[in-house]
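[1] Here is a sequence together with a model predicted from it:
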Amino acid sequence: MKKLFAFIFIFAMCVSLTYSFGELSKNYWKHGQKAEKAGNLDEAVKYYTKVIKGAPEFVNAYYCLGNIAYKRGDIDGAIEWYKKSLEHNKTTYAYLQLGTYYLEKGKKGTTAEEQSKSSDTAQIYFEKALTIENTDVESEKSIKNNQATAYYNLYIIFSEKGMWDKAEEAALNAMVNPAYEEAMSKQLINIYTKTERYDKALQAIDEKLKENPDNLNFIKLKINILNTKGDKKGVLKEMAKLENLGEGDMQVLLWLGQDAINNKDYEKALGLFNKAIAKEDDNAIAYLGSGKSFFRLGKKNEAMEQFKKAEEHGGSDPVVIINIGDAYMELENYGSAINYYSRLIVLKKADYSVYHNLGKCYFSKKPPNCQKAIGYYKKALVAKPNFLASMIGLTYAYYMNKQHKKAYYWGKKVLKRKKMDAIKNIVTNIEKSGVLKK
């Protein structure tokens with residue numbers, strides 16, 4: 001959403017301000033416009049410079065010189081021309097452009113200090129644009145639109161700084177321009193979500209849905225927020241609306257497919273994912289969903305074909321890799337599962353569940369590699385302390401590896417959390433063996 005919209009006014013403004021000036025300057029202006037339109041920028045610069053010499057108060061010429069400098073990649077030059085225009089007439093447009101150019105300059109800054117300084121300067125110019133109402137030069141409509149754009153860019157600056165109250169105020173003011181209404185509505189919801197004001201976010205969404213109950217974008221936003229809140233009932237209620245509304249929307253098809261898998265309606269899920277594939281035949285997540293559906297239907301060969309296609313279209317996507325690893329683990333093809341899970345470590349995308357599954361794979365191999373299993377279970381517990389499944393895995397792996405004291409230690413920790421007959425038997429056997437006394 002971080003687009004800078006100020007540039008949409010550039011060429012309109014170059015011809016919208018009217019002044020009375022000499023016939024010679026008028027001719028120079030026409031020649032400059034003609035040369036610029038033809039792409040002869042050097043010629044255009046020559047004529048615009050002559051306009052300024054004859055009519056220094058004619059700010060359009062400064063604007064056009066600034067715009068040409070920007071086209072040539074000279075942001076500092078563009079800034080200087082717009083600053084010179086302010087010496088003759090202060091307009092919302094000039095301040096807006098200066099703020100925009102400083103934002104652009106900040107993007108190209110090589111240090112955090114340079115970027116921060118440019119952002120602060122941009123903020124100053126956008127805020128100045130809000131104080132100008134020069135109706136002798138700009139129409140009321142232009143002023144209103146330019147100021148809405150200034151608020152839009154201030155929203156960007158404040159949100160990047162985490163100044164959420166100011167970002168909220170800027171977003172609300174930007175919405176006076178219908179062109180920004182939907183974008184800013186979404187950003188307001190984003191602000192409320194980031195600051196965990198979920199009820200306010202939902203209220204804002206419901207207000208938009210009153211205007212248009214079938215607006216898919218806002219229904220999807222609502223589902224995301226309800227899911228973040230853990231409101232499963234609310235999610236299901238909104239998902240039901242998507243059944244009829246979302247046939248043409250890729251994200252909706254994927255959501256509905258996953259929802260069908262969650263509800264164990266695998267035939268329905270397969271149909272939805274196949275629709276998604278027909279819509280986008282390079283979508284890795286759609287192939288992944290199709291593969292999972294086939295897998296649950298017991299069609300393992302078809303499942304692996306779809307998983308391979310998912311890998312083909314999204315080979316570096318961690319979601320794809322982990323799901324293929326999970327599928328191989330369920331097929332008890334532990335070597336292949338280990339290969340996929342290990343790729344996530346190389347990509348630095350491994351979390352506790354990946355380490356746990358690697359431990360489980362090494363333990364389940366024939367013959368088991370208990371030492372490797374222990375190593376990965378321990379890594380899982382570093383990533384997520386007290387993860388019960390890895391604690392259980394360590395108990396079994398240490399016991400099988402005849403490291404009975406360590407198996408006893410972890411077994412006791414497990415039993416404090418959960419009653420498990422198999423773990424209790426291990427603990428009892430170790431106690432009876434007398435190894436603890438040695």
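    Received the coordinates, thanks.

[2] State the number of residues packed around residue 404.
    19 (other CB atoms under 10 Å). Yep, even glycine has a C-beta here, placed from its N, CA and C like the rest.

[3] same question, residue 162
    Neighbours of residue 162 (other CB under 10 Å): 10.

[4] what's the answer for residue 30, then?
    12.

[5] Can you give the contact residues for stretch 109-126?
    Contact with stretch 109-126 is made by 95-96, 98-100, 102-103, 105-107, 150-151, 153-154, 157, 160-161, as judged by CB atoms under 8 Å, 6 or more residues apart in numbering.

[6] Give me the buried subset of these.
    95-96, 98-100, 102-103, 105-106, 150-151, 153-154, 157 (16 or more other CB atoms under 10 Å).

[7] Between all of the residues you listed, which two are separated the most?
    105 and 151 (20.7 Å; CB to CB).

[8] Please flag which of the buried ones among the contacts of stretch 109-126 sit within helices.
    With DSSP state H as the criterion, helices contain 95-96, 98-100, 102-103, 105-106, 150-151, 153-154, 157 from among the buried ones among the contacts of stretch 109-126.

[9] Could you tell me how far residue 313 is located from residue 400?
    According to CB to CB, to the nearest Å, residue 313 and residue 400 sit 40 Å apart.

[10] same check, this time on residue 287
    38 Å.

[11] what about those two, which has more around it?
    residue 287 (25 against 15).

[12] what's the nearest residue to the more buried one if we skip its chain neighbours?
    Excluding the flanking residues, the one nearest residue 287 by CB to CB, 6 or more residues apart in numbering is residue 310, at 3.9 Å.

[13] Enumerate every residue touching the one you found.
    284-285, 287-288, 291, 320, 323-324.

[14] Just give me how far the helix or strand hosting it sits from the chain centre.
    Secondary structure from DSSP states H and E places residue 310 in helix 300-314. Helix 300-314 sits 26 Å away from the centroid of its parent chain (CA atoms, centre = their mean, to the nearest Å).

[15] Ranking helices and strands of this structure by mean pLDDT, which lands last?
    helix 10-14 (a mean of 39; mean pLDDT, DSSP states H and E).

[16] Return the alpha-carbon coordinates of the next helix or strand after that one using CSV.
    Per DSSP H and E, the first helix or strand lying C-terminal to helix 10-14 is helix 23-37. Only the C-alpha atoms of helix 23-37 are listed here, as CSV (Å, rounded to 0.1, in the frame of the first residue of the first chain):
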residue,chain,number,x,y,z
GLU,A,23,3.8,37.3,-25.5
LEU,A,24,7.5,36.2,-25.8
SER,A,25,7.4,34.2,-22.6
LYS,A,26,4.1,32.7,-23.8
ASN,A,27,5.8,31.5,-26.9
TYR,A,28,8.7,30.1,-25.0
TRP,A,29,6.2,28.2,-22.8
LYS,A,30,4.4,26.7,-25.8
HIS,A,31,7.7,25.6,-27.3
GLY,A,32,8.8,24.1,-24.0
GLN,A,33,5.6,22.2,-23.7
LYS,A,34,5.9,20.9,-27.3
ALA,A,35,9.5,19.9,-26.8
GLU,A,36,8.7,18.0,-23.5
LYS,A,37,5.8,16.2,-25.1
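
[17] Show me what helix 23-37 packs onto, helices and strands only.
    Helix 23-37 sits against helix 41-54, helix 59-71, with contacts defined as 3 or more CB pairs under 8 Å, 6 or more residues apart in numbering; DSSP states H and E.

[18] what comes up buried for the helix or strand that the shortest one is followed by?
    Spelled out, it's helix 59-71. The element immediately downstream of helix 59-71 (helix or strand, assigned by DSSP H and E) is helix 75-86. Neighbour counts over helix 75-86 (16+ other CB under 10 Å) mark 75, 77-79, 81-82, 84-86 as buried.

[19] Name the nearest of the residues you listed relative to residue 301.
    Distance to residue 301, by CB to CB, is smallest for residue 75 among those, at 58.1 Å.

[20] ok, that closest one - contacts?
    69, 101, 104-105, 108.

[21] Just the buried residues of the residues you listed.
    Buried, going by 16+ other CB under 10 Å: 69, 101, 104-105, out of the contacts of residue 75.

[22] For those, could you give me CSV that also reports pLDDT and distance to residue 279?
    Shown next, in CSV, are these (pLDDT from 0 to 100; distance: CB to CB, whole Å):
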residue, pLDDT, distance to residue 279
69, 95, 45
101, 94, 41
104, 89, 36
105, 89, 41
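
[23] Redo those as JSON lines? Include distance to residue 126.
    Output for the buried ones among the contacts of residue 75, formatted as JSON lines (distance: CB to CB, whole Å):
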{"residue": "69", "distance to residue 126": "20"}
{"residue": "101", "distance to residue 126": "11"}
{"residue": "104", "distance to residue 126": "13"}
{"residue": "105", "distance to residue 126": "14"}
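
[24] Pick the one among the residues you listed closest to residue 334.
    For those, the nearest to residue 334 is residue 104 (52.7 Å; CB to CB).

[25] can I get the CA coordinates of the helix or strand following the helix holding residue 310 in CSV?
    Scanning forward in sequence from helix 300-314 by DSSP H and E, the next helix or strand is helix 318-330. In CSV, the C-alpha atoms belonging to helix 318-330 read as follows (Å, rounded to 0.1, in the frame of the first residue of the first chain):
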residue,chain,number,x,y,z
PRO,A,318,8.6,-23.0,3.4
VAL,A,319,4.9,-23.8,3.5
VAL,A,320,5.3,-26.1,0.5
ILE,A,321,8.4,-27.7,1.8
ILE,A,322,7.1,-28.5,5.2
ASN,A,323,3.9,-30.0,3.9
ILE,A,324,5.8,-32.2,1.5
GLY,A,325,8.0,-33.3,4.4
ASP,A,326,4.8,-34.0,6.5
ALA,A,327,3.4,-36.1,3.6
TYR,A,328,6.5,-38.2,3.3
MET,A,329,6.6,-38.7,7.1
GLU,A,330,3.0,-40.0,7.0
